[in-house]
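1. please find the sequence and the predicted model below.
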Amino acid sequence: MVIGLGRFGISLASELTANGVEVLGVDADSRVVKEHAPYLTDAVVADTTDPEALEQLGLDDIECVVVAVGTQLEASILTVSHLLDAGVPDIWAKASSEAHGRILSQLGVHHVVHPERDTGRRVAHLLGGKFREFAEVTPGYCVTSMSAPHAFTGFALDLDEMWRKHRVQIIAMKHGNGDVMPMVNGTVLAPSDIIIAGGSPGALESLNR
């Protein structure tokens with residue numbers, strides 16, 4: 001179930017549906033529900049701040065609920081509170097600010113997401129033009145794809161030494177238009193190769209330079 005079919009909610013819900021997940025979309029605005037219903041398994045109009053309305057949605061059959069209501073703080077908190085009271089086993093909730101996120105965590109939400117903050121961080125690392133993609137997997141550890149740095153091309157790489165000296169793991173590589181292949185010791189990179197690397201943001205930026 002995805003509650004709140006704004007830009008974040010419908011983007012997430014439609015992507016899940018496209019990948020074969022059954023998704024029930026919920027929003028208090030009938031116009032929004034009508035507009036997005038074709039892209040979801042099902043969509044209903046409901047005020048999720050009302051516990052009775054939530055119960056009528058069949059929570060017993062729902063494995064996971066995403067609360068994508070971000071800007072309406074009261075609606076977000078009330079909805080989450082009712083879902084927790086109902087014993088929903090897996091709740092994800094969008095936070096519109098750090099304070100909102102702290103409240104959601106204190107309530108007991110299983111996963112708090114910060115789309116705007118995380119997108120801002122990602123774009124900050126992409127602005128230099130060297131990183132092709134950038135994703136924070138866990139605090140302090142990120143994964144990125146980039147062109148192979150010139151200093152690491154033309155000779156057999158020692159991946160253990162790469163980690164000891166640069167605190168970066170080269171996970172995989174792609175040569176030209178070929179498939180992505182796992183990185184192994186002794187691989188010789190060419191300047192045109194794309195690598196996928198993991199490490200702290202600082203270590204990855206340093207590798208880039």
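-> That came in fine, so what should we check first?

2. next SSE downstream of the least confident helix or strand in the chain by mean pLDDT?
-> Counting by mean pLDDT, DSSP states H and E, the chain has its least confident helix or strand at helix 115-126, which shows a mean of 66. On the C-terminal side of helix 115-126, the closest following helix or strand by DSSP states H and E is strand 131-138.

3. buried set for that following strand?
-> Going by neighbour count (16 or more other Cβ atoms under 10 Å), the buried part of strand 131-138 is 131, 134. Bear in mind the C-beta positions are built from the backbone N, C-alpha and C, glycine included.

4. list the neighbouring strands of the helix or strand following that strand plus their orientation.
-> The helix or strand immediately downstream of strand 131-138 is strand 141-147, counting by DSSP H and E. The pairing partners recorded for strand 141-147 under DSSP bridges are strand 131-138 (antiparallel), strand 194-199 (antiparallel).

5. could you redo those as CSV and give each row distance to residue 205?
-> Converted to CSV, these look like this (distance: least, Cβ to Cβ, whole Å):
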stretch, distance to residue 205
strand 131-138, 9
strand 194-199, 10
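
6. closest one to residue 183 among those strands?
-> Of all the strands paired with strand 141-147, strand 194-199 sits nearest to residue 183, with 7.4 Å by Cβ to Cβ.

7. just to revisit the earlier point, of all the strands paired with strand 141-147, which one is nearest residue 9?
-> Nearest of these (Cβ to Cβ): strand 131-138, 20.7 Å.

8. CA atoms of the closest one as CSV?
-> Listed next in CSV are the C-alpha coordinates belonging to strand 131-138 (Å, rounded to 0.1, in the frame of the first residue of the first chain):
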residue,chain,number,x,y,z
PHE,A,131,30.5,10.5,-11.4
ARG,A,132,27.9,8.9,-13.7
GLU,A,133,25.8,7.7,-10.8
PHE,A,134,26.1,8.0,-7.0
ALA,A,135,24.1,6.2,-4.3
GLU,A,136,24.5,6.1,-0.5
VAL,A,137,24.0,2.5,0.5
THR,A,138,24.5,3.1,4.2
